[in-house]
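[1] fold the following and give me the result.
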Amino acid sequence: MEKVRVMIIGNNDNRIFEIKNLLNDQEVAVVGFAKQMDNAYEKALGLKPQVVILQCDSGSEEFLELANRIYIKIPGCAIICVCSDVNVEMIEKAMLAGVRKVLGFPIDSATLYENIEQAYNVEKSRLLNTGTVVGAGMQSRVVTVFGAKGGVGKTTIAVNTAVVLAQKGNKVAVIDTDLQFGDVNIFFDIDTKDTIAELSQGRDAADIDAIKRLTALHYSGVSVLCAPKSPEYAEYVSAKNIETIINTMRPHFDYIIIDTTPLFNDATMVAIENSNLVLLVSGMDISTLRNTKTSLNILESLQQRDKTEVVINKISNGIISVKDIQRVLDLQVKNKISLDIKTALTCHNKGVPIVIDAPRTAIARELAQLADSIVNIIDSRVK
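    Numbering: from 1, shown residues only. Take a look at the predicted model:
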């Protein structure tokens with residue numbers, strides 16, 4: 001069986017965690033999680049899972065409505081319901097809502113895998129026989145840019161890939177989740193009048209009109225949601241706020257690029273879990289490589305490794321070669337950005353992205369190639 005993309009939606013955090021721990025096989029990739037009432041449908045639209053495991057503690061009408069929306073709007077997505085109270089009436093209602101399997105809780109790993117495979121194969125066969133195109137109406141591709149150490153160039157990569165994607169005619173947004181010292185606004189030369197801190201107060205995080213009002217539009221076409229003006233305002237922004245903002249923005253943008261802090265904190269984790277792709281940026285020094293290796297192991301344990309691509313930034317001729325990096329990280333380096341301190345610093349100080357101010361330089365061409373790679377990687381995974 002090919003690797004199946006699975007999303008878990010539920011109303012009980014402990015149950016969601018238990019189901020997640022059952023899915024530790026290489027044949028399944030857990031692409032995301034959501035609570036039923038927290039924009040779960042919008043998040044599913046963006047992640048485009050092949051199987052949704054819908055956990056519920058009782059046969060409520062809310063989960064049936066959600067199951068029916070997913071069944072109708074996301075072709076190719078099989079729905080499995082895991083419920084603590086299974087009865088004939090609930091099974092009948094679930095089947096009418098488009099649920100493929102109804103399972104009782106507790107459940108063992110082997111039974112869950114067996115039902116995932118069966119539901120996935122039945123839905124896949126149905127689509128092949130009806131000629132339905134899977135992936136039509138795809139919502140936002142969310143890309144999180146993360147670095148295991150400060151100064152590796154993650155913000156430079158986030159900003160410039162966003163501009164390249166916008167230049168191709170896409171609606172692109174950048175969210176700065178480095179809540180204490182985020183500086184995406186400096187790279188775009190934007191005055192931070194309104195930030196994610198103001199948006200997170202009250203209920204504005206779930207209001208797309210409020211998000212658009214508090215988002216700065218750069219002349220490149222990129223919409224930018226800036227980090228708080230000062231570190232003390234970071235406490236106003238919770239991981240829950242960030243997840244709500246991402247899910248609210250999904251239907252309105254083709255690509256959402258998330259810049260993060262070099263820490264595995266709550267804000268970073270919610271960004272990673274809500275992403276279609278994670279760019280893990282590394283440098284060529286031994287300490288950064290060590291942190292990158294550790295980060296890959298953490299992402300593996302969190303079942304987020306499959307959607308992670310490593311980017312080696314600031315490539316230069318030094319003691320450590322690309323071959324050394326590949327040996328240390330035990331992977332093939334496909335995404336490489338050259339070291340060009342003069343161009344990068346000049347553009348940064350001017351507040352103009354490299355791909356706009358110096359488009360003919362090698363570093364600009366490589367950043368454009370990375371943006372193309374992002375498109376190809378994500379599109380190949382959501383077919």
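
[2] quick one: the strands in the stretch 51-200 of the chain?
    Remark: strands assigned in the stretch 51-200 of the chain by DSSP state E, counting those that start in this stretch are 51-56, 78-83, 101-104, 141-147, 172-176.

[3] mean neighbour count and distance to residue 301 added to these, as a markdown table?
    Every C-beta, even on glycine, is put in place using the N, C-alpha and C of the backbone. A markdown table is the format used below for these (neighbours: other CB atoms under 10 Å; distance: least, CB to CB, whole Å):
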| stretch | mean neighbour count | distance to residue 301 |
| --- | --- | --- |
| strand 51-56 | 26 | 20 |
| strand 78-83 | 25 | 23 |
| strand 101-104 | 18 | 26 |
| strand 141-147 | 27 | 15 |
| strand 172-176 | 28 | 25 |
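
[4] can you tell me which residue is spatially central in this structure?
    residue 275 (0.6 Å; CA atoms, centre = their mean).

[5] run through who's touching the longest helix along the chain.
    For the chain, the longest helix by residue count, based on DSSP state H, is helix 109-130. For helix 109-130, the external contacting residues (CB atoms under 8 Å, 6 or more residues apart in numbering) are 1, 4, 6, 19, 22-25, 27-28, 50-51, 53, 75-80, 82, 100-101, 103, 132, 134.

[6] the same query, at a cut-off of 10 Å, please.
    1-2, 4-6, 19, 21-25, 27-28, 50-53, 71, 75-80, 82, 98-104, 107-108, 132-134 (CB atoms under 10 Å, 6 or more residues apart in numbering).

[7] any regions of the stretch 101-250 of the chain where pLDDT drops low?
    129-139 (pLDDT under 70).

[8] all helices in it, in order from the N-terminus.
    109-130, 154-167, 184-188, 196-200, 208-213, 239-249 (DSSP state H, counting those that start in this stretch).

[9] looking at those helices, which is closest to residue 321?
    helix 154-167 (21.4 Å; CB to CB).

[10] hey, C-alpha coordinates of that closest one in CSV?
    What follows is helix 154-167, C-alpha atoms only, in CSV (Å, rounded to 0.1, in the frame of the first residue of the first chain):
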residue,chain,number,x,y,z
LYS,A,154,15.1,31.3,6.9
THR,A,155,13.5,34.8,6.7
THR,A,156,15.4,35.6,3.5
ILE,A,157,14.1,32.3,2.0
ALA,A,158,10.6,32.9,3.2
VAL,A,159,10.3,36.4,1.9
ASN,A,160,11.9,35.7,-1.5
THR,A,161,10.1,32.5,-2.3
ALA,A,162,6.8,34.3,-1.4
VAL,A,163,7.7,37.1,-3.9
VAL,A,164,8.5,34.6,-6.6
LEU,A,165,5.2,32.8,-6.1
ALA,A,166,3.4,36.1,-6.2
GLN,A,167,5.2,37.1,-9.5
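
[11] contacts only, for the residue of the chain lying at maximal distance from its centre.
    Within the chain, the residue lying farthest from the chain centre (CA atoms, centre = their mean) is residue 88, at 37.6 Å. By CB under 10 Å, 6+ apart, residue 88 lies in contact with nothing.
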